[in-house]
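Asker: No sequence on hand, only this structure:
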């Protein structure tokens, strides 16, 4: 059995964290310009806020919370797709974790479930297989979400469904990619980001190599980091050292899990089962070219988006006008700058993407910050 | 008239008010819960109550019905007994209603009734009235139990509104066990673990505290919503700030590991045999000793203090000196996505 203790032991040592904070302060003092670090992944946002790491850093280090939360970035029209599919007779809609909390234009999947739709949140996509086998007279639709981390799990589910001839299992694919989102952030002429903390789990699959273009194109450090407080503090130190020396390099702090090349078997599966979409609208950021995946044409017979194309809504639905999520995700605004933060927009009734998931920037600020 | 239950599963006829229902109640419930008041089988129980009386009710719908460290029956007794105990009341009489889904196994029902009987004995409490309904297949998830209880108040003035600045906050044991055990028992999170629920009757330890004349300001069992919910309710109800030291909160390794794996916080997970207590700082060490020595609360700990800062909020201090709000948990507990 996995020793659960090993998951966190050693990575939360107060003395180590205090020492890292001290070393960061020394390096940061050598920098003449502010260091604006974007942590692309919502998991890092959560670590920074939950453990109050921002309180340990000098004033010239600022965080910009990026678009890397798969729940937050899902535009309302895609959630409406899920709700529409779940409302069809004899359909079971299956999706991951807290996706069911995110509001579409007519409510969240949790609200549709309370109206009688059969919607099941799961942790492991392969659980969908058992649901499909147990319900041969129903159509089971897997509403697939997530970045490069979760894409291989969808691929394995599809592979199993094909191998075992489970014909009642369809897919609605919403997998998205990190590098195009980083490019979208940097494409804004007003962008202030000048360093990246690279995602942890995504990089286990994709390898650190996917961030090389960002390092070269934007001349800024990218440090791939683990999620524990010591990981994040060490990554900030590595970024600050690069800044102090005036260099921009790709660095892997999370070397216990991430290699340059990544998980090649998983990458191969992704390439076999999926193709790049021309365009995908991100909640808060708008359309980003080549930023998402769809099923390969040879699996069209499992593509719920094609099979039910005539029933799925096509209208694009933006967040509330007062919502500043786009600016927050680009680092042009802070959650507390937003007029509706904590008033019209809260975790219980979110208006914008950043408040939606527990890993969103506004959600993290709302829950933890301001002490 | 034979009172032997013949069927292996509960049928709709067992809720029909006739012979079969009589057999079910006699063979399963009366045989476990028997006492003169219940056995009299009147329309209502006749009770002798004197002085201030606490009265509470709760419904239990846990899935799965059997889990490591307990079952729905143990929970239904401990839960209501604990609600009385948390008001400083000695639990005396309970009512008990069963809503049973057609097809429920009789052997399981017997096991649950026996488990309830054992739990009742721990506080000398009696079930004196009850009700049984059987609903068609699909109308309930196996078995639902409602229990209500009355108890004699032995320590007056315990209230969520009675927390005062300078009070110490204590927790009776390591947190999050029940929530973690239930999550582990669910099919979707198939993990092997030795972890058991903390499900237990709290009256024995509360009785010790009251016997020692401990001045209890507020007390609550941290059930759904866990430690975070109790502390937030207290901060708002008494309009105080509560500051807790993260490193002082006892959490077992397995609960910590589960939280890491699935993105939960131990403070948000349910408990069914863990309570939080607020009392004057100067008697905190004495109360802690009584809990540890006489109340089988070996892991009890002083975890925080009541302050005049951040009124209505709970602030948690990390071991490396930063602070954050400990918010109320929201929504259903769902694993994080990546």
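Answerer: Alright, I've got the coordinates. No experiment lies behind these values; they were computed from the predicted model shown.
Asker: residues of stretch B:164-177 that come out buried?
Answerer: Buried residues in stretch B:164-177, defined by neighbour count with 16 or more other Cβ atoms under 10 Å in any protein chain shown: B:167, B:168, B:169, B:170, B:171, B:172, B:173, B:174, B:175, B:176, B:177. Bear in mind the C-beta positions are built from the backbone N, C-alpha and C, glycine included.
Asker: In helices, which of those residues appear?
Answerer: residue B:177 (DSSP state H).
Asker: Between the buried residues of stretch B:164-177, which sits nearest residue A:153?
Answerer: Nearest to residue A:153 among the buried residues of stretch B:164-177 is residue B:176, at 27.3 Å by Cβ to Cβ.
Asker: can you map out the strands along the stretch 101-250 of chain B?
Answerer: B:126-135, B:143-153, B:167-171, B:218-221, B:241-245 (DSSP state E, counting those that start in this stretch).
Asker: quick one, domains of chain B?
Answerer: As recorded under the TED database, the domains making up chain B are B:9-153, B:160-325.
Asker: just these: most buried one?
Answerer: Compared across these, domain B:160-325 shows the largest average neighbour count, a mean of 20 (mean count of other Cβ atoms under 10 Å in any protein chain shown).
Asker: What separates the first and last residues of that domain, distance-wise?
Answerer: For domain B:160-325, the first-to-last residue distance is 20 Å (Cα to Cα, to the nearest Å).
Asker: coming back round to it: mean pLDDT added to the domains of chain B, as a markdown table?
Answerer: Converted to a markdown table, those look like this (pLDDT from 0 to 100):
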| stretch | mean pLDDT |
| --- | --- |
| domain B:9-153 | 95 |
| domain B:160-325 | 93 |
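Asker: okay, those domains in CSV with distance to chain A next?
Answerer: Output for those, formatted as CSV (distance: least, Cβ to the nearest Cβ, whole Å):
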stretch, distance to chain A
domain B:9-153, 13
domain B:160-325, 2
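Asker: Which one of these lies nearest to residue A:254?
Answerer: It's domain B:160-325; of the domains of chain B, that one is closest to residue A:254 (Cβ to Cβ) at 15.3 Å.
Asker: Need the mean per-residue confidence for the helix or strand containing residue A:215.
Answerer: For residue A:215, the host element (DSSP states H and E) is helix A:212-218. The average pLDDT within helix A:212-218 is 96.
Asker: okay, the strands of the stretch 101-250 of chain B in TSV with distance to residue A:150 next?
Answerer: Formatted as TSV, these follow (distance: least, Cβ to Cβ, whole Å):
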stretch	distance to residue A:150
strand B:126-135	40
strand B:143-153	36
strand B:167-171	36
strand B:218-221	38
strand B:241-245	35
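Asker: To residue B:61, which of those strands lies closest?
Answerer: Nearest to residue B:61, of the strands of the stretch 101-250 of chain B and by Cβ to Cβ, is strand B:143-153 at 5.2 Å.
Asker: Adjacent strands (with direction) for the closest one?
Answerer: Strand pairing for strand B:143-153, determined by DSSP bridges: strand B:53-60 (antiparallel), strand B:89-101 (antiparallel).
Asker: Measure how far that strand is from the centre of its chain, please.
Answerer: Strand B:143-153 has its C-alpha centroid displaced from the chain centroid by 11 Å (Cα atoms, centre = their mean, to the nearest Å).
Asker: which residues does residue B:240 contact?
Answerer: Residue B:240 makes contacts with B:163, B:164, B:165, B:234, B:306, B:307, B:308, B:311, B:312, as judged by Cβ atoms under 8 Å, 6 or more residues apart in numbering or on different chains.
Asker: need the contact list for the fourth one.
Answerer: Residue B:234 sits next to B:160, B:163, B:218, B:220, B:240, B:242, B:276, B:278 when contact means Cβ under 8 Å, 6+ apart.
Asker: ok, what's across the strand from the nearest residue to residue A:280 once chain neighbours are set aside?
Answerer: The shortest distance from residue A:280 to any residue other than its chain neighbours is 3.4 Å, reached at residue A:292 (Cβ to Cβ, 6 or more residues apart in numbering or on different chains). Judged by DSSP bridges, the bridge partners of residue A:292 are residue A:176.
Asker: Around residue A:292, count how many other residues there are.
Answerer: 24 (other Cβ atoms under 10 Å in any protein chain shown).
Asker: Contact partners for it?
Answerer: Counting by Cβ under 8 Å, 6+ apart, residue A:292 makes contact with A:174, A:175, A:176, A:177, A:276, A:277, A:280.
Asker: swap in residue A:247?
Answerer: Here residue A:247 is in contact with residue A:221 (Cβ under 8 Å, 6+ apart).
Asker: Please, which helix or strand holds it?
Answerer: Here residue A:247 is assigned to no helix or strand, by DSSP H and E.
Asker: Show the model's pLDDT score for it.
Answerer: Reading off the confidence values, residue A:247 has pLDDT 97.
Asker: same check, this time on residue A:6
Answerer: On the pLDDT scale, residue A:6 gets 60.
Asker: How about residue A:70?
Answerer: Model confidence at residue A:70, given as pLDDT, is 87.
Asker: Just give the nearest non-adjacent residue to it, would you?
Answerer: Nearest to residue A:70 is residue A:146, by Cβ to Cβ, 6+ apart, at 4.4 Å.
Asker: nearest residue to residue 224 other than its sequence neighbours?
Answerer: Just going to use chain A. In space, residue A:224 is closest to residue A:198, 3.7 Å off (Cβ to Cβ, 6+ apart).
Asker: Chain B is the one I meant
Answerer: Per Cβ to Cβ, 6+ apart, closest to residue B:224 is residue B:270, 5.0 Å.
Asker: The helix or strand containing residue A:180: what's the following helix or strand?
Answerer: Using DSSP H and E, residue A:180 maps to helix A:178-187. The C-terminal neighbour of helix A:178-187 among helices and strands, as given by DSSP H and E, is strand A:195-198.
Asker: Which strands or helices does the next helix or strand after that following strand pack on?
Answerer: Proceeding N to C from strand A:195-198, the next assigned helix or strand is helix A:201-206, under DSSP H and E. If you count contacts as 3 or more Cβ pairs under 8 Å, 6 or more residues apart in numbering or on different chains; DSSP states H and E, helix A:201-206 packs onto helix A:264-273.
Asker: quick check, distance from the helix it packs on to the centre of its chain.
Answerer: 20 Å.
Asker: what secondary structure does residue B:312 sit in?
Answerer: coil (DSSP: H, G, I helix; E, B strand; the rest coil).
Asker: cool, and residue A:305?
Answerer: helix.
Asker: Give the buried residues for stretch A:196-212.
Answerer: A:196-208, A:210-211.
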